[in-house]
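Asks: Sequence plus predicted model, see below.
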Amino acid sequence: MPGFDVIVVGGGHAGCEAALAAARMGCSTLLLTLSLEKIALMPCNPAIGGVGKGQLTREIDALGGEQGRNTDRSFIQMKMLNTGKGPAVQALRAQADKKLYEDNMKRALVREPNLQILEGTVAALNVSRETIEGLTLTDGSFIPARSVVLACGTFMRGKIVVGDQIFPAGRMGEPPAIELSASLTHEGLELSRFQSATPPRIDARSINPDRMKVEPGDLDPELFSISSKPDNRRQIPCYLTNTTARTHEVVRNHLHLSPIKTGSVSSKGPRYCPSIDRKVINFPDRDRHPIFVEPEGRDTTEMYLQGLTTSLPVWVQEKVIRTVPGLENSRLMRPGYAVEYDYVIPDQLTLSLETKALKRLFLAGQINGTSGYEEAAAQGLVAGINAALGVQGHEPMILRRDEAYIGVLIDDLVTKGVDEPYRMFTSRAEYRLLLRHDNAHSRLAETGNRLGLVSDATLAEVFSHRQRIHALLATLKNTRLQPSERLNGALKSRGSATIREDQAAWQLLKRPELHLEDLKPFIAILSNQADGTIKNAEIELKYSGYIARQQEEIDRCASLEDTPIPPDFSFFDLEGITIEAREKLSRIRPSSLGQASRIAGVSPADISVLSIFLRAFR
Amino acid sequence: MSPSGNSPKRYDVIVVGAGPAGCEAAVSAANLGAKTLCLTINLDSIALHPAGPVLADGKDDPRSALLQELRATGGVLPEILMREGTTADVPEKGRVLIDRRRVSLAYKARLEHTEGVELRQGLVVSLAPQDGYWVVRTKLEEAFSASCVIVAAGTYLNGTVTEAGVSVPGGRHGEIPSNSLAACLAALGINLEPANATCFARVAAGSAGLPPDGEALGELYALGIELDGSRAHALQIIRSSPGCGKPPAATAAPGGLTRAWITRSQFTVRHLILSADQVGRDLQSRPHPGLFFAGRAAGSCNYAEAAVLGMFAGDNAAVRAKCLAGGRLIKDLKNIKKLIAAIAEQQARPVTIRKPPPGC
Amino acid sequence: MGEAPTIAAISTSLGAGAIGIVRLSGAAAISICDKVFRGKLPLAEAGSHTIHLGTIFDTTSGEIVDEVLVSVMRAPATYTREDIVEVNCHGNAVAQQKVLSLFLDHGAQLATPGEFTRRAFLNGRIDLAQAESVARIVSAKTEAGLKMAVSQLEGVLSREIASIRSSILRVLATFEAGIDFSDEDVDEIDASDAGKQLRQLRDRIDELIETALTGRVLSEGVLTAIVGKPNVGKSSLLNSLVMRERAIVTEIPGTTRDTIEEIISVGGIPLKLTDTAGLRPANDEVEKLGVERSRQAIREADLILCLFDGSQREDDHDRALMTSVPADRTIYVINKCDLFRGRPPVFNQGLLPSRPVVISAMTRQGLRILKEKVADKVLGRSFPSPQSPVVTQERHRRLLADASEAIGRAEQGLRVRLGEELIAEELRLALNSLGEITGETFMEDLLDVIFQEFCIGK
């Protein structure tokens, strides 16, 4: 068999990004998947984005990845969340037509010149001198590779649990991957198990929309990708309903059949996506939980029941669903279920997502203990990029916590490890005021361009947008507003205090209730500006104090971040540090003092000792 | 009794399987007023047609005649073909190629939107008569009952997938088999015999300089090329082959397949089908009234036949369940009649598909 | 048991405020420090429990590393029962580390976490309960036999900080839940309710700040006046407090007064005596201190030790003093109890506004009680151990002040309807400041609180 520069194992969200990135950077790339029919599936929520996750998808687009674009092609509803809150926490969320999403992604894969696709199963990794050399498939063939990205999702020794039924599967109806886990363990990687669950799907023809609240998308929606044109396709609404006391009663009466109670599911599931069984157990006093009924596509009748994740027996699921207003007569199309699977403990990776044990082996996606399509795609993109960079003899790309949510994601995984499937929240990012939906391209387009994933034309567009904002800001800094009846009238109508003397425009804008839009009639230069420029300039203005403060904090920590720890540094010789800290440091092998300071179990005193020894070491 | 203590949910007709046979069966039964449940292992794998996109290959292909008769009598497939448009459908010349993905989604949509059809994901593990009805149970302990059950389980009954000498249980590549159902049928005294179905290797269209099979799929079927042994060996053979067995004219390639790349190896599914003499001309089991068979499980050789059998099984099941006067008239449809006769009464049919069969 | 090595360590956290302590304990503590310290006198001649101003210099390059205050405490009346030297740096983490490096270069060994406390415990200086109150900063992960699970940070202070932190976390969690799970069923934040909660938290922090020693105390000492009419025993009291016949003199340049000032450590608290009676025995001026100078000293002092001769009846001079010292800042001391042993003093105690401490400066009787009373008065509460509060208080105070300001800004933000993410930012800053005191980060705890309090989840 001919060889490849990069082999990507798994055709899910991580695998697709990795394969496309590597191929677009000029590497001969192979995407290996268990089934050609199941590429870029969305096996759970039919949505991309949301608070925290939307920022990831946006950054993926900024770097030249595919998820943003693909979502823009495939959405049936688009909505900006947190519009009532500040721009740092606003995020885009799309409901996608699942089948269209798959087709669009597959099309992108097929059209990529350097990319081949192959249906097959990995039997073992081929390793020599701690470096990956290729893969052996179950049919005996060996495919040489200079680099491998594993993005196997929930398939490694997957087991489905529903009620007391337990059987091997990667997803419902699909057999699991058996051999790969053994191969990884053989190569010295430590695995653990997580579980993930998905709610039932019901038939749209059997719901009663009159008893539920309609949740429409945005008119004139924003889109994820900078390359997408404005779109006014007809959007499809979701519906909002809720569980009732009766629902909780039914769940309670059948809790003894829940795998949580019977112990069939022992591994950890995510706290932020609890099953309805878990909700009833943990919050017995609540008499209602929201349920969102979401269409899975424009033409299909399958509806996703967000909020009713469960692995109770199917007949109980049906009973539970029928207690929800609007769903009294609903028909089940797919039952909810839990899947337990192997993942690789992610502190065995470096910040480039390469394993420490084996050179040129990268891991991305749920295999690292994350959940969510966006988290997976972000890792896939980084892994693909770094696999390609490695093959080309370059240093890997590592994004910092103050540069991107992707940086926060990977640093959290690699430095802190996971004890539940990891999901991104804005609260995880200490620099969230700097990492916004509106400035993702400004932050990352240059990197994307340097890697060859973002075109010069796109980069030029980002630059000129940035320049326009700066020009506007500079002008505004020098603009003063005179008190006038008209101006004061406008101020009053926004609930803002009137002015008696002339004021600097940017001073007025610091007031939370005022926006640049409101001052448009009074500031000449604003009338020639695009809405996007005005909006972004306003964000910079309103946040300027906080941004400055965060920047100071970043600079203050920079010395820690920039103090490198040599790769062969021996932590075990440091007697001034507790045994526990030494173990953690040896295991994670942080590359900088900054990263070391974030490891749980390493105290500031330990960092102090470490820094002294580093100086002596040099 | 199910664990819930409730009686099984009642239908008129239950269809097991959602390949082309199952889909046609469910729709035609529902169109005759039967409350129909269609159960399938995976809602994302409906009517995938893994054996290939060629439904008929020319005027002399008997499949072509079947499809025409199907069109005349009103199956779902002809409608889908008309609406979807295919990559190289040239009906006058008797050549019918499908975009497998679009057809799969179209069948699913049709099942979902047909009044009277309930589509549901489930693996059937038991089938047994009870109190005059047939009761079907799934792996997740759901229970359904109906007057009539149509088994359209395709290549899934006791399926084993062999690829390059390695065998794993499977209904087809990447999917689990249906073994409990096979055991139930045997327990009912139904004679089943082994058969093989071979799905040819798929080749990346770009690599072969040939246009893609369907817009989203980007592959081409290396039809008619025997590929044994390892993937490397198979690749060698493909690359040295002058071309596909009988490629549609519009897709002939100058460079042939020298730079081809195999996306999926050839695989063979060994599975169980009905022996001869198990069903009557209404496709109903003689010793077990109300139990129907259609498609590959009944012994058809290709998708056109499967669709036809499905449609008729659906008709007949609905007629029986709803005590109707009668189903479609087939007296002018000679090919369909011949097919049904062959299924019902022909002597042992060792069905081994290795080449696109010119009519078995 | 062989001689234990002299150990050294830094006892503050990285990146924090201005004052950092590098501590040495062991037989060679004083001699090691002397190798790199330049002050008025070599530390080898320093009395126990004295503080000295000077500089630390790099012996190889000769460069000055930092201006420092060095405390010398001699065995066995020290925390570890060994000689202890503590160097208060003015510089930042780099300076501290440099000082530590120098000590290590000159023979000290880096202390393992908790080693000071371990030595204190092993040398019988403290019991386990007391050890717990100190070990927190240093990390409790020591070897078996000395398991200190959850330890307190200076007892009441640490409990209060933990409680405040947990309350801030709760408020922050409501904001974060509203941000990250806004499309789920999370209730809108009640601004006035949140504002009230934050106000209460800020008040609690401000109270803590009040009780902490100020920076001035640490670097300059509590301005203390020992007043009393002549011959009442001021100089012998001073000498007894310093525990030596001859006190060491340190000149502090740059002050507006010409007086010579002395800093002595009483009960671990540096007292800066403005009335330096008895310092220079040859200097008669000191003995001629008049009421007028006393009055000035009284006006400026933080703490007044008002001394009376218990063996004599009170006279006008005494009565004048009694009325001129502010009772809330004064500790009344009746001296010479050796002369009226057992019997009540001749001096009428009932004239004094508060109960006096009866001592004999000569025989040292009652001195312990006096020291405790000094500590009590200055800190407003009892003082369990002589070490940590002095060492860390300024750092804590500054961090607490930062936290208080941040919460104040958050309250302001609520009032003007600032974006929730900006208010959350201020609360995070507050938590970061508190975290630098306790050594904890808050991210994991935040998530825990969010998921415990709110039923999130789709």
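Replies: It's in.

Asks: Tell me which residues touch C:Ile7, please.
Replies: C:24-26, C:108-111, C:115-116, C:119 (CB atoms under 8 Å, 6 or more residues apart in numbering or on different chains). To be clear about C-beta, it is placed using only N, CA and C from the backbone, and glycine gets the same treatment.

Asks: Can I get stretch A:452-472 in CSV, CA atoms only?
Replies: What follows is stretch A:452-472 as a C-alpha-only set of coordinates in CSV (Å, rounded to 0.1, in the frame of the first residue of the first chain):
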residue,chain,number,x,y,z
GLY,A,452,-1.9,28.3,4.2
LEU,A,453,-5.5,27.8,5.4
VAL,A,454,-6.7,31.3,5.0
SER,A,455,-6.4,33.1,1.7
ASP,A,456,-4.6,36.4,1.2
ALA,A,457,-7.9,37.9,0.1
THR,A,458,-9.6,37.0,3.3
LEU,A,459,-6.7,38.2,5.3
ALA,A,460,-6.7,41.5,3.5
GLU,A,461,-10.4,41.8,4.3
VAL,A,462,-9.7,41.2,8.0
PHE,A,463,-6.9,43.8,8.0
SER,A,464,-9.0,46.4,6.3
HIS,A,465,-11.9,45.8,8.7
ARG,A,466,-9.4,46.2,11.6
GLN,A,467,-8.1,49.4,10.1
ARG,A,468,-11.5,50.9,9.7
ILE,A,469,-12.3,50.2,13.3
HIS,A,470,-9.0,51.8,14.4
ALA,A,471,-9.6,54.8,12.2
LEU,A,472,-13.1,55.2,13.6
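
Asks: Thought B:Arg102 was touching B:Glu84, still the case?
Replies: Yes. In this structure, B:Glu84 is within contact of B:Arg102 by CB atoms under 8 Å, at 4.8 Å.

Asks: The chain - how does it break down into domains?
Replies: Since you didn't name a chain, this refers to chain A. Domain assignment of chain A by automatic domain parsing yields the ranges A:201-340, A:456-559, A:563-617.

Asks: wrong one, chain C
Replies: C:7-111, C:216-379.

Asks: Show me which of B:Glu84 and B:Arg102 is the more surrounded one.
Replies: For B:Glu84 versus B:Arg102, the count of surrounding residues by other CB atoms under 10 Å in any protein chain shown is larger for B:Arg102: 20 against 16.

Asks: pLDDT value on the more buried one, please?
Replies: On pLDDT, B:Arg102 comes in at 87.

Asks: which stretch of helix or strand covers A:Arg278?
Replies: According to DSSP states H and E, A:Arg278 maps onto helix A:276-282.

Asks: correction: A:Ile385
Replies: helix A:373-391.

Asks: Show me what the helix or strand following that helix is packed against.
Replies: Going down the chain from helix A:373-391, the next helix or strand is helix A:405-411, by DSSP H and E. Here helix A:405-411 touches helix A:53-62, helix A:373-391, going by 3 or more CB pairs under 8 Å, 6 or more residues apart in numbering or on different chains; DSSP states H and E.

Asks: before we move on, the earlier item: compile the domains of chain C into a markdown table and extend it with columns for mean pLDDT and distance to A:Ile410.
Replies: Formatted as a markdown table, these follow (pLDDT from 0 to 100; distance: least, CB to CB, whole Å):
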| stretch | mean pLDDT | distance to A:Ile410 |
| --- | --- | --- |
| domain C:7-111 | 83 | 24 |
| domain C:216-379 | 68 | 43 |
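
Asks: Deepest in the core, which of these is it.
Replies: domain C:7-111 (a mean of 20; mean count of other CB atoms under 10 Å in any protein chain shown).

Asks: Tell me which residues of the longest helix anywhere in chain A come out buried.
Replies: Using DSSP state H to assign secondary structure, the helix with the most residues in chain A is helix A:531-561. By neighbour count on 16 or more other CB atoms under 10 Å in any protein chain shown, the buried set for helix A:531-561 is A:533-543, A:546-547, A:550, A:554, A:557, A:560-561.

Asks: helices or strands up against it?
Replies: Using 3+ CB pairs under 8 Å, 6+ apart: helix A:531-561 touches helix A:456-477, helix A:505-509, helix A:516-519, helix A:593-597, helix C:420-438.

Asks: Convert the C-alpha atoms of stretch A:293-312 to PDB, please.
Replies: Taking Å, rounded to 0.1, in the frame of the first residue of the first chain, the C-alpha atoms of stretch A:293-312 are listed here in PDB:
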ATOM      1  CA  VAL A 293     -38.100  20.200  20.800                       C
ATOM      2  CA  GLU A 294     -35.800  20.700  17.900                       C
ATOM      3  CA  PRO A 295     -36.200  19.600  14.300                       C
ATOM      4  CA  GLU A 296     -33.300  17.600  12.900                       C
ATOM      5  CA  GLY A 297     -33.700  18.700   9.400                       C
ATOM      6  CA  ARG A 298     -35.900  20.500   6.900                       C
ATOM      7  CA  ASP A 299     -37.400  17.400   5.300                       C
ATOM      8  CA  THR A 300     -37.300  14.800   8.100                       C
ATOM      9  CA  THR A 301     -39.900  14.300  10.800                       C
ATOM     10  CA  GLU A 302     -37.400  13.400  13.500                       C
ATOM     11  CA  MET A 303     -37.400  15.900  16.400                       C
ATOM     12  CA  TYR A 304     -34.800  16.000  19.100                       C
ATOM     13  CA  LEU A 305     -35.900  16.300  22.700                       C
ATOM     14  CA  GLN A 306     -33.300  18.500  24.400                       C
ATOM     15  CA  GLY A 307     -33.600  18.200  28.100                       C
ATOM     16  CA  LEU A 308     -34.800  14.600  28.100                       C
ATOM     17  CA  THR A 309     -31.600  12.800  27.900                       C
ATOM     18  CA  THR A 310     -32.100   9.400  29.400                       C
ATOM     19  CA  SER A 311     -31.200   5.700  29.400                       C
ATOM     20  CA  LEU A 312     -34.300   4.500  31.200                       C
END
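
Asks: Pull the distance from it to the chain's centre.
Replies: Distance, stretch centre to chain centre, for stretch A:293-312: 21 Å (CA atoms, centre = their mean, to the nearest Å).

Asks: if you look at that stretch, does any of it touch chain B?
Replies: Yes. Legend: contact between stretch A:293-312 and chain B by CB under 8 Å from any CB of the partner chain is shown at A:299-302.

Asks: Buried among these? Need that as a selection in PyMOL.
Replies: Buried residues within the residues of stretch A:293-312 next to chain B, by 16+ other CB under 10 Å, are selected in PyMOL with:
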select buried, chain A and resi 300+301+302
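
Asks: Show me the residues of stretch A:293-312 next to chain B that map onto strands.
Replies: A:Glu302 (DSSP state E).

Asks: Now distance to chain C and pLDDT too, for the residues of stretch A:293-312 next to chain B, in CSV please.
Replies: Formatted as CSV, the residues of stretch A:293-312 next to chain B follow (distance: CB to the nearest CB, whole Å; pLDDT from 0 to 100):
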residue, distance to chain C, pLDDT
A:Asp299, 24, 92
A:Thr300, 20, 95
A:Thr301, 21, 96
A:Glu302, 17, 97
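
Asks: Which one of the residues of stretch A:293-312 next to chain B is nearest to chain B?
Replies: Relative to chain B, the closest of the residues of stretch A:293-312 next to chain B is A:Thr301; by CB to the nearest CB it sits at 4.1 Å.

Asks: before we move on, back to that, are there residues contacting both of B:Glu84 and B:Arg102? Which ones?
Replies: With CB under 8 Å, 6+ apart, B:Glu84 and B:Arg102 have no common neighbours.
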